[in-house]
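> Fold the following.
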Amino acid sequence: MAVLNEEQEMLRDMARDWATEKSPVTEFRKVRREGAPEAYDPAAYATMAEMGWTGVIIPEEHGGSDFGWLSLGLVVEELGKTLTASPLIASTLAASAILLGGSEEQKAKWLPGLAGGEIKATLAIDEGPRHGPTDYKTGVSDGRMTGTKAFVHEAHGADLFVVAAADGLYLVEAGEGVSLSTRSMVDNRNHAEVTFDGAAADKLANGGESLLDDVLDRARVLTACEMLGMAQQVFDSTLDYLKQRVQFNQVLATFQALQHRMADLFGDLAMMRSAVEGGLQALDSGFGVARAATIAKAEANRVLHTISREGVQLHGGMGMTDEYDVGFYLKRARVLEASWGGTAMLKNRFATLSGY
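Next up, the predicted model:
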């Protein structure tokens, strides 16, 4: 496990307490029941901003705390445990794109609002059914963008889109020339198809040719952090269930076959944590980011897929019902596994990065 300083431990504990007490899974159930396209509680996000979570990776001169990616990952992991819905990850990734590729004017315009939570933003990257950051049809002519992004997280309620076009990344404000069509996904979260029809576009001209890859690597690591929190929670809740559920006059946890299955999951979870924390540390150090991010997301895909499936199975018939929370984690897991690269795509990328 990563070695945390005192401030990071305090941040993690604060996030854990808030998520457990103020944003349990019952809050997600409430948001799901209300059915708003934003699919999150604006008041809860405002509270996150007040606690400084929206500005963790943003420099102090732009209103943030510059506390680093590992610190942010601690928060995201705790929110993942309770399935807390918010635009925190999406807005942070948009902020990272501006930090990496924006001009001083663009940074001054957008980063303070993102750090304070007044502005919400997201990435608009993929145009097809699978993640594949190549051959974009979206284009910009005379400062106006035209194209469609098929799958955009946290699109509803976003004030700003960081959009991948054929010749780079652009900032596009919500409003004229931008239209959204809700995508109903199995996780009941905020997704949309976004169409740009002559929308004003402001290019992120800095950051070099690797800008898009650098932003996507951050997306992979942060998504893996949410997946880590989910995997930990499914493991813990399943273990608790096995310890109290009685079958054939015996507690399920006494059956050796089930003990072996949980032991395997425990080992998988440790591997996943090592990979995810390695990705966060790579982002903070700036060394080996591409490989570390690829490993983190690939391992998160593998382990969460296994743990979410096993969690439902080990809950038995009850795991298939809406009464138990474990099914929500499986549904969210399947969406996140496909986000920013499925396992096959990530394995190919790792081979390419390794020179094969």
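
> what about Val194, which SS state?
Following DSSP: H, G, I helix; E, B strand; the rest coil, Val194 is assigned to strand.

> same check, this time on the one 4 residues further on
Each residue gets one of three states, and Gly198 gets strand by three-state DSSP.

> Now do the contacts for it.
144-146, 177 (Cβ atoms under 8 Å, 6 or more residues apart in numbering). Where C-beta positions appear, they are placed from N, C-alpha and C, glycine not excepted.

> got a markdown table for those residues, with neighbour count, secondary structure and distance to Ser91 too?
Putting the contacts of Gly198 into a markdown table (neighbours: other Cβ atoms under 10 Å; DSSP: H, G, I helix; E, B strand; the rest coil; distance: Cβ to Cβ, whole Å) gives the following:
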| residue | neighbour count | secondary structure | distance to Ser91 |
| --- | --- | --- | --- |
| Arg144 | 15 | strand | 25 |
| Met145 | 24 | strand | 20 |
| Thr146 | 17 | strand | 25 |
| Gly177 | 17 | coil | 21 |
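
> ok, so of those, who is nearest Lys347?
Of all the contacts of Gly198, Lys347 sits closest to Met145, with 33.0 Å by Cβ to Cβ.

> Can you pick out the most distant pair from the contacts of Gly198?
Counting by Cβ to Cβ, the most remote pair of those is Thr146 and Gly177, 8.7 Å apart.

> Going toward the C-terminus from the helix or strand where Gly279 lies, what's the next helix or strand?
In the assignment (DSSP states H and E), Gly279 maps to helix 256-285. Downstream of helix 256-285, the next assigned helix or strand under DSSP H and E is helix 289-314.

> Now for the chain, the helix or strand with the poorest mean pLDDT.
Sorted by mean pLDDT, DSSP states H and E, the helices and strands of the chain end with strand 246-247, the least confident at a mean of 84.

> Partner strands of the next helix or strand along the chain from that one, with direction?
Following strand 246-247 in sequence order, the next helix or strand is strand 250-251 (DSSP H and E). Sheet pairing for strand 250-251, assigned by DSSP bridges, gives strand 246-247 (antiparallel).

> residues making contact with the partner strand?
Outside strand 246-247, the residues that reach it (Cβ under 8 Å, 6+ apart) are Leu252.

> And for stretch 125-138?
145-152, 163-166, 196, 212-213, 216, 338-342, 345.

> Could you tell me which of those count as buried?
Buried by 16 or more other Cβ atoms under 10 Å: 145-147, 149-152, 163-165, 196, 212, 216, 338-342, 345, out of the contacts of stretch 125-138.

> what about the strands in the stretch 51-200 of the chain?
Along the stretch 51-200 of the chain, counting by DSSP state E, counting those that start in this stretch, strands occupy 121-124, 139-141, 144-153, 160-165, 168-173, 178-182, 191-203.

> buried stuff in the last one?
I take that to be strand 191-203. Buried, per 16+ other Cβ under 10 Å, within strand 191-203: 191-196, 199-203.

> Let's see the pLDDT reported for the most far-flung residue of the chain relative to its centre.
No residue in the chain sits farther from the centre than Asn249, which is 42.2 Å out by Cα atoms, centre = their mean. For Asn249, the pLDDT comes out at 86.

> do Ser91 as well
Looking at Ser91, its pLDDT reads 98.
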